[in-house]
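Trainee: Just need the structure, nothing else, for what follows:
(one chain, ligands or ions: 1)
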Amino acid sequence: MNYTSTRNDSLSVSSAYAIANGISEEGGLFVPTDIPEVSAEFIESLVPLTYIERARKVLSLYLTDFTAEEIDADTFGAYSTGFTHEKVAPLVNLHGNTNILELWHGPTCAFKDMALQLLPYLLTSSAKKTADGKEIVILVATSGDTGKAALEGFKDVDGTRILVFYPSDGVSAMQKLQMTTQQGKNVGVCAIKGNFDDAQTGVKTIFTDPAVKAKLLSENMAFSSANSINWGRLVPQIVYYFSAYADMIASGQIKNGDKINFTVPTGNFGNILAAYYAMKMGLPVNKLICASNENNVLTEFINTGRYNRVRQFHTTVSPSMDILVSSNLERLIFHLSDKGSAETAELFGKLKEDGEYTVSADMLGKIQSVFSAGCCNDCETKKTIGETFSAHNYLLDPHTAVAVKVYNSYKESTGDTTPTVIVSTASPYKFTPAVLEGLGKSAGSSDEFDMIDAVVSHTGVPAPKKLTELKGATPRFTQTVEKTEMEAVVLSMLGI
Ligand SMILES: *Cc1c(COP(=O)(O)O)cnc(C)c1O
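Mentor: Residues are numbered from 1 along each chain as shown. Down below sits the predicted model:
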């Protein structure tokens, strides 16, 4: 299996090359040239397997230049010890045929761990095949959860350095504390004055700057990316859509072959794109429902075909979805385009120049045949947390609450009763202020740990130890810089 670029489809590279390099030279994203197809028997065979075994079967379809031993060792390293739930990604029934796929039992309590516990292994395996002993420098822009998950994944991994930039006012207090207290000898963390898109644009600029690249080369270093533009971030996420479907068969909710819906709380379009790949591979899917917060650029796009990033940026209670430029949408557009990379390059050129683009009616039709979209504001999000807890004794984090709200509206307006999996992306204990408000309770204090205690005492839901043990920890990284200073920070952190 080979990979090409969304902006240059004459390119053909291996998965190791795509993962080690992160982004293609001309700025495009790596995509598989042919999406592998699986049979009903393949899906049936997943039912009795553990998560690690399911991961091995799905990943080996994409990482054809990896040996079976590498895939075995990499998946074992990623999922055998870091997750507190034996099923890694358990499926929980909420009510009727509505289910929650909990993706936050990893070390940082958000779904980013599903990919970022595996990526360092994939990347070091890839680098062995392609990068001749260079030190890999991972640059990350984060809206909160990626940064911490990447830091945990790469901490003290030989041959790697990791530097994380986050918007100083765009992450939750818990997310900030998780990052600024990060341990490890190869890590760096820095806040920037700006929003997530500023951080992401800054990282992309440094990444593609030939002068910086040359400077790194002269030190025997090379950049790679742990953002969801890296194929090594996306491919692990395909696994849990198959895993959820297998668990639906196992619980008797569906028969193999029955279609289901997935509702995904979406920011950069990575998570829901992984669901799209799963569907293209043959997973029986009815609709992929894209849920956004007030930054509803994707809702408008899926409903009208016009992507317009020139709009007010909202800081919401679901900060990991506060994104106006959803990078992974580029991959979907490429796959749906008959004209391939020329059309993709043109549309994303327009996005950069004019801040917007509109897809053809033909492409919009293809998008709407698979995707449905909705959005919800903070007030509705908090209300959904309260209502879901009262009705089903299940505690949602704000990101998952956006998905639940959007799904409920979808179900009401369409009458669609297809069995559904709502993807849950974070532990509620990462976002206690909004959770408490949603429950209509107060901690009587703005201290993060008092709020955790208050949620525990109101709901009886245990808080993850990984979060409670941060109490009293002293921040190691306290630097805040202008977005124009990011390049200087990178060079100084690398000591070059
Ligand atoms: C990153 C994140 C999202 C958005 O996922 P994308 O892949 O960027 O669409 C949603 N919820 C949480 C908690 C996240 O950390």
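Trainee: how about low-confidence regions in the stretch 101-250 of the chain?
Mentor: For the stretch 101-250 of the chain, the stretches flagged by pLDDT under 70 are 131.
Trainee: tell me the phi and psi of residue 67?
Mentor: phi -80, psi 160 (degrees, to the nearest 10).
Trainee: Check which helices and strands the host helix or strand of residue 120 is in contact with.
Mentor: If you go by DSSP states H and E, residue 120 is part of helix 119-130. Helix 119-130 sits against helix 15-21, helix 68-79, strand 135-141, helix 145-154, strand 160-167, helix 231-250, with contacts defined as 3 or more Cβ pairs under 8 Å, 6 or more residues apart in numbering; DSSP states H and E. C-beta: built from backbone N, CA, C; applies to glycine.
Trainee: Which among the ones you listed is found nearest to residue 38?
Mentor: Evaluated over those, closeness to residue 38 peaks at helix 231-250, with 8.3 Å, by Cβ to Cβ.
Trainee: do the closest one and the ligand meet?
Mentor: No - counting by Cβ under 6 Å from any ligand atom, the ligand is not contacted by helix 231-250; separation bottoms out at 7.7 Å.
Trainee: How about residues contacting the following helix or strand past that helix?
Mentor: Toward the C-terminal end, the helix or strand that comes next after helix 231-250 (DSSP H and E) is strand 260-265. Identification of contacts with strand 260-265 by Cβ atoms under 8 Å, 6 or more residues apart in numbering yields 241, 244-245, 248, 254, 271-272, 275, 284-292, 318, 321, 399-400, 402-404, 406-407, 410, 416, 418-423, 425.
Trainee: re earlier: what's the most buried one of the helices and strands packed on helix 119-130?
Mentor: Of all these, helix 145-154 carries the top mean neighbour count, a mean of 28, counting by mean count of other Cβ atoms under 10 Å.
Trainee: same for that one, what does it pack against?
Mentor: By 3+ Cβ pairs under 8 Å, 6+ apart, helix 145-154 packs against helix 112-116, helix 119-130, strand 135-141, strand 160-167, helix 173-180, strand 187-193.
Trainee: what pairs with the third one, and is each one parallel or antiparallel?
Mentor: This means strand 135-141. Strand pairing for strand 135-141, using DSSP bridges, gives strand 160-167 (parallel), strand 221-225 (parallel).
Trainee: now the first one: how far from the chain's centre is it?
Mentor: Distance of strand 160-167 from the chain centroid (Cα atoms, centre = their mean, to the nearest Å) equals 16 Å.
Trainee: how big is the angle separating it from helix 119-130?
Mentor: For strand 160-167 against helix 119-130, the angle by axes from the mean of the first three to the mean of the last three Cα atoms, to 10 degrees is 130 degrees.
Trainee: Pull strand 160-167 out as PDB, backbone CA atoms only.
Mentor: The C-alpha trace of strand 160-167 is given here as PDB (Å, rounded to 0.1, in the frame of the first residue of the first chain):
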ATOM      1  CA  THR A 160      13.000  12.200  20.000                       C
ATOM      2  CA  ARG A 161      12.400  15.700  21.300                       C
ATOM      3  CA  ILE A 162       9.000  17.200  21.800                       C
ATOM      4  CA  LEU A 163       7.900  20.800  21.900                       C
ATOM      5  CA  VAL A 164       4.300  21.900  22.600                       C
ATOM      6  CA  PHE A 165       2.700  25.300  22.000                       C
ATOM      7  CA  TYR A 166      -0.700  26.100  23.500                       C
ATOM      8  CA  PRO A 167      -2.900  29.200  23.400                       C
END
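Trainee: Is the ligand within reach of that strand?
Mentor: No - taking Cβ under 6 Å from any ligand atom as the criterion, strand 160-167 and the ligand are apart, separated by no less than 12.3 Å.
Trainee: Number the residues from 840 up from this point.
Mentor: Will do, 840 is the new start, and the previous item becomes strand 999-1006.
Trainee: Name the residues of stretch 1242-1253 that are buried.
Mentor: Neighbour counts over stretch 1242-1253 (16 or more other Cβ atoms under 10 Å) mark 1242, 1243, 1244, 1245, 1246, 1247, 1248, 1249, 1250 as buried.
Trainee: Out of those residues, which sit inside helices?
Mentor: Secondary structure from DSSP state H places 1242, 1243, 1244, 1245, 1246, 1247, 1248, 1249, 1250 of the buried residues of stretch 1242-1253 in helices.
Trainee: Tell me which residue of the stretch 890-1039 of the chain lies closest to the ligand.
Mentor: Ranked by Cβ to the nearest ligand atom, the top residue of the stretch 890-1039 of the chain for proximity to the ligand is residue 984, at 3.2 Å.
Trainee: Am I right that that residue is in contact with residue 1236?
Mentor: No - contact criterion Cβ atoms under 8 Å: residue 984 and residue 1236 do not qualify, at 10.5 Å.
Trainee: okay, and the common contacts of those two?
Mentor: What both residue 984 and residue 1236 touch, as defined by Cβ under 8 Å, 6+ apart, is the set 1264, 1265, 1269.
Trainee: In JSON lines: those, plus neighbour count.
Mentor: Formatted as JSON lines, these follow (neighbours: other Cβ atoms under 10 Å):
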{"residue": "1264", "neighbour count": "29"}
{"residue": "1265", "neighbour count": "27"}
{"residue": "1269", "neighbour count": "29"}
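Trainee: Understood, closing this out.
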